[in-house]
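Predicted coordinates and the sequence they were generated for:
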Number of protein chains: 2
Amino acid sequence: MTELSTMKDGVANQAEASDRVLQILAEAGRLFASKGFEGTSMRDIALACGISKSLLYHHFSNKDEIYARVAVGSTLELYLFVRDRIPDGPPSQKIRAFMVATAEYFRRYRWAWIASTTAFWNDPDRSRHKERLTRRDRFENFLRGLIQEAIDAGEIRKVDVPMTGRLILSSLNWMHRWYNPNKSATPEQIADVFFDMIFNGLRSGELVALPGAEPPKAGRRKSR
Amino acid sequence: MTELSTMKDGVANQAEASDRVLQILAEAGRLFASKGFEGTSMRDIALACGISKSLLYHHFSNKDEIYARVAVGSTLELYLFVRDRIPDGPPSQKIRAFMVATAEYFRRYRWAWIASTTAFWNDPDRSRHKERLTRRDRFENFLRGLIQEAIDAGEIRKVDVPMTGRLILSSLNWMHRWYNPNKSATPEQIADVFFDMIFNGLRSGELVALPGAEPPKAGRRKSR
């Protein structure tokens, strides 16, 4: 649980990532996601954590600092978290591991994730928005590298790499909108099902001709 | 361009869907998406449209009415828009048409779409949120019906229907985060590429064995 630790020069300072700090980030994330940045006060965050305002200020000097950690910091940490969980082996299994690790990160830091994604269109701080885009690009380029590897190895047909990356990320990035932690499947299991669907396709092996229907075009595999 | 018209008892009153109203909804959607509901005033909307506040009040009695049309109304209209664009033919082609029509709606009403999706986690009006969920469910159930049809026809293997629906909707719902109207591919073309990837799968026909790598499990097609 050290992934949401303070980042200094890109290195996690694990000593600072106390349980208290993680609790504050989780509760603040939940509040920012539901009430917005403006609608959330330092008092709200302290109340949600069951701590005094002075203890909250001991850890964070202001609301903006908490927000930056919740909404921006998590993207960099996502990249490191996922990168460390990619096994050796066939590139397609690296893509699967990428998806499962991203889902694990989502499960662990769900409210920080939601706060970060909600801030995308309405964060008034443009430099923070730009930083978020830069980090998003790094994460996405990492996935594109894995897809290119799978194509080079002949595991994946010659599809458009950026479009394939977007499809895979969409399946993960949209999960926060429908995932219910009280239901049985974990985000990791869901990511695994999505990998199977995208990699193997939905198409059935045994096609049944419909009366009056054109046969599906089996050769339709162009990449754009 | 009558799809964002006023809904009365579920029937579009096209006479009211003047160009002016559509312009107001588009500009208001853009403002709500970037500044939030609280951060947007009737004055801002009038300014963005280049009209007087009194002309704006002629069309809408208050900001809440505009917001309801932008953020809630668009979901119902999306369902009607897409339903009317599903052709007869093989179920797989109906799924493709569902995806392309949803993408067309997104292209036409992009800012209303963004305002609506941004409101999901932070709309303080719970009854409006509930109504939005009901409409989302109707749209999603319509897609699930098409997927079940494709399974029954033998076009699609026996996958989990709700999960398949979520994968397809994710690919469309995440588009607002990366789609750039100045790039060449239209949302409809993007939806078509995603349909191909999901239906046919990424997997290559000709697999090349990697040195030291386990062969991919071709039989891994369980549905959950």
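All right, it came through fine.

which residues does whichever residue of chain A sits closest to chain B contact?
For chain A, the residue closest to chain B is A:Gly201, as judged by CB to the nearest CB, at 2.3 Å. The way it works is simple: take the backbone N, C-alpha and C, and place the C-beta from them, glycine included. Each residue near A:Gly201 by CB atoms under 8 Å, 6 or more residues apart in numbering or on different chains is listed here: B:Met197, B:Ile198, B:Phe199, B:Asn200, B:Gly201, B:Leu202, B:Arg203.

residue contacts, the first one?
If I follow you right, that is B:Met197. Residues near B:Met197 by CB under 8 Å, 6+ apart: A:Val159, A:Met163, A:Thr164, A:Leu167, A:Ile198, A:Gly201.

Look at the first one and give its secondary structure.
This means A:Val159. For A:Val159, the secondary structure call by DSSP: H, G, I helix; E, B strand; the rest coil comes out as coil.

and if you look at the fourth one?
Put simply, A:Leu167 is helix when judged by three-state DSSP.

Quick check, it in contact with B:Asp196.
No: counting by CB atoms under 8 Å, A:Leu167 does not reach B:Asp196; the two are 10.3 Å apart.

Compare neighbour counts for the two and give me the winner.
Between A:Leu167 and B:Asp196, A:Leu167 has the larger neighbour count (other CB atoms under 10 Å in any protein chain shown), namely 23 against 19.

Roughly how far does that one sit from A:Ala28?
As judged by CB to CB, to the nearest Å, A:Leu167 and A:Ala28 stand 32 Å apart.

same deal with A:Asp137?
26 Å.

Looking at those two, which is more packed in?
Neighbour count, other CB under 10 Å: between A:Asp137 and A:Ala28, A:Ala28 has more, with 29 against 11.

Would you confirm that that one contacts A:Met42?
No: with contact defined as CB under 8 Å, A:Ala28 does not reach A:Met42; the gap is 9.4 Å.

any idea of the mean pLDDT in the helix ranked longest in chain A?
Scanning chain A for the longest helix, with DSSP state H as the assignment, gives helix A:126-152. On average, the pLDDT along helix A:126-152 is 89.

Show me how far that helix is from its chain's centre.
Between the centre of helix A:126-152 and the centre of its chain there are 12 Å (CA atoms, centre = their mean, to the nearest Å).

Report the spatially nearest residue to A:Ile151, omitting neighbours in sequence.
For A:Ile151, ignoring the flanking residues on the chain, the nearest one in space by CB to CB, 6 or more residues apart in numbering or on different chains is A:Lys158 at 6.1 Å.

number of nearby residues for that neighbour?
Other residues near A:Lys158 come to 11 when the count uses other CB under 10 Å.

That one reaches A:Ala150, doesn't it?
No: contact criterion CB under 8 Å: A:Lys158 and A:Ala150 do not qualify, at 10.8 Å.

Give me the nearest residue to A:Pro181, chain neighbours excluded.
Closest residue in space to A:Pro181, ignoring its immediate chain neighbours: A:Arg110 at 7.4 Å, by CB to CB, 6+ apart.

what's near enough to touch that neighbour?
By CB under 8 Å, 6+ apart, A:Arg110 lies in contact with A:His176, A:Tyr179, A:Pro181.

The helix or strand where A:Ala46 lies close to chain B?
Here A:Ala46, judged by DSSP states H and E, is contained in helix A:42-49. No: remark: helix A:42-49 sits outside contact range of chain B, by CB under 8 Å from any CB of the partner chain, the gap being at least 14.2 Å.

other SSEs contacting that helix?
helix A:19-35, helix A:53-59, helix A:63-67 (3 or more CB pairs under 8 Å, 6 or more residues apart in numbering or on different chains; DSSP states H and E).

Adding distance to chain B, write those helices out as TSV.
Shown next, in TSV, are these (distance: least, CB to the nearest CB, whole Å):
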stretch	distance to chain B
helix A:19-35	5
helix A:53-59	22
helix A:63-67	14
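
I'd like these as a markdown table, with mean pLDDT appended.
Output for the helices and strands packed on helix A:42-49, formatted as a markdown table (pLDDT from 0 to 100):
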| stretch | mean pLDDT |
| --- | --- |
| helix A:19-35 | 83 |
| helix A:53-59 | 94 |
| helix A:63-67 | 86 |
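
Once you drop chain neighbours, what's closest to A:Ile95?
The shortest distance from A:Ile95 to any non-neighbouring residue, by CB to CB, 6+ apart, is to A:Leu146 (5.1 Å).

For chain A, give me the ranges with low pLDDT.
A:1-18, A:72-76, A:119-124, A:206-224 (pLDDT under 70).

Quick one: work out the angle between the helix holding A:Ala46 and helix A:19-35.
With axes from the mean of the first three to the mean of the last three CA atoms, to 10 degrees applied, the angle from helix A:42-49 to helix A:19-35 works out at 120 degrees.

that older thread, now do the residue nearest to A:Pro181 against A:Gly165, distance only.
23 Å.

returning to that earlier point: just checking, what packs against the longest helix of chain A?
Packing contacts for helix A:126-152, counted by 3+ CB pairs under 8 Å, 6+ apart, involve helix A:74-83, helix A:91-108, helix A:110-122, helix A:161-173.

Apply 7 Å and report the result again.
helix A:74-83, helix A:91-108, helix A:161-173 (3 or more CB pairs under 7 Å, 6 or more residues apart in numbering or on different chains; DSSP states H and E).

Could you dump those into JSON lines and include distance to B:Arg20?
Listed next are the helices and strands packed on helix A:126-152 as JSON lines, based on distance: least, CB to CB, whole Å:
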{"stretch": "helix A:74-83", "distance to B:Arg20": "41"}
{"stretch": "helix A:91-108", "distance to B:Arg20": "43"}
{"stretch": "helix A:161-173", "distance to B:Arg20": "35"}
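
Between these, which one is closest to B:Asn62.
helix A:161-173 (34.3 Å; CB to CB).

quick one: the closest one near chain B?
Yes: residues of helix A:161-173 are located near chain B by CB under 7 Å from any CB of the partner chain, namely A:Met163, A:Thr164, A:Arg166, A:Leu167, A:Ser170, A:Ser171, A:Asn173.

neighbour-wise, which of those residues leads?
The most crowded member of those, judged by other CB under 10 Å, is A:Ser171 (28 neighbours).

Tell me who's in contact with that one.
Going by CB atoms under 7 Å, 6 or more residues apart in numbering or on different chains, A:Ser171 touches A:Phe194, B:Leu167, B:Ser170.

Among the residues you listed, which one lies nearest to A:Glu65?
Among those, and counting by CB to CB, the member closest to A:Glu65 is B:Ser170, at 32.8 Å.

nearest spatial neighbour of the closest one, skipping sequence neighbours?
Nearest residue to B:Ser170 in three dimensions, chain neighbours excluded: A:Trp174, at 3.7 Å (CB to CB, 6+ apart).
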